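K.L.:
heads up, no residue letters with this:
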């Protein structure tokens with residue numbers, strides 16, 4: 001939350017600085033003259049285009065996120081991952097005894113649903129950390145786990161898990177209280 005607030009503050013600060021720079025470099029009389037040279041019908045057309053473009057963007061976003069394509073894909077992926085029964089066939093068939101397919105199925109199942117979004121990074125970080133603490137091997141992408149899985153869980157879930165784990169690792173790094181190289 002603090003990172004979003006900092007980004008927003010930076011954007012607002014840069015916008016204000018750019019507008020202040022323009023105001024100092026360009027005389028207001030030149031701006032007024034330029035605005036008055038454009039006909040009223042042109043301004044109305046520009047305004048209508050802006051409003052229509054914004055309305056179309058809002059409609060597209062709401063359709064994709066709340067109702068349509070993006071949510072349907074996420075639900076299908078989450079429900080595919082939810083089929084994992086935890087039998088351990090993936091771990092047994094893996095030459096490294098990696099539990100990556102099992103762990104990633106659980107992470108993807110919860111992280112791909114809208115309800116799982118608030119905790120997705122924390123969940124990925126904690127589950128992968130526990131998997132590593134329990135001394136399961138690392139995935140080498142031999143795909144034996146996918147071939148032996150009775151439910152056909154895809155190794156694409158491992159890519160989702162790795163992406164969320166890396167993102168969480170960067171987002172939740174402890175802040176350096178003391179700087180310096182030595």
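P.N.:
Structure received. Computed from a prediction, not measured in an experiment: that's the story for all the values here.

K.L.:
for stretch 163-176, what is the average pLDDT?
P.N.:
For stretch 163-176, mean pLDDT rounds to 75.

K.L.:
now do the buried residues in that stretch.
P.N.:
Judged by neighbour count (16 or more other CB atoms under 10 Å), stretch 163-176 contains these buried residues: 164-165, 168. For every residue, glycine as well, the C-beta is placed using N, CA and C.

K.L.:
pick the one among the residues you listed closest to residue 129.
P.N.:
Using CB to CB, residue 165 comes nearest to residue 129 of the buried residues of stretch 163-176, at 8.8 Å.

K.L.:
quick check: helices, which of the buried residues of stretch 163-176 are part of them?
P.N.:
164-165, 168 (DSSP state H).

K.L.:
pull the helix or strand with minimum mean pLDDT from this protein.
P.N.:
Lowest by mean pLDDT, DSSP states H and E among the helices and strands of the chain is helix 69-82, with a mean of 62.

K.L.:
is it possible to get CSV of the buried residues of stretch 163-176 that adds distance to residue 20?
P.N.:
What follows is the buried residues of stretch 163-176, written out as CSV (distance: CB to CB, whole Å):
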residue, distance to residue 20
164, 41
165, 43
168, 38
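
K.L.:
where do the helices sit along the chain?
P.N.:
With DSSP H as the criterion, the chain has helices at 2-25, 28-37, 40-62, 69-82, 89-93, 100-111, 120-133, 144-148, 156-171.

K.L.:
and the closest residue to residue 167 other than its chain neighbours, how far from residue 165?
P.N.:
Leaving aside its chain neighbours, residue 167 sits nearest to residue 121 (6.0 Å; criterion: CB to CB, 6 or more residues apart in numbering). Separation of residue 121 from residue 165 (CB to CB, to the nearest Å): 9 Å.
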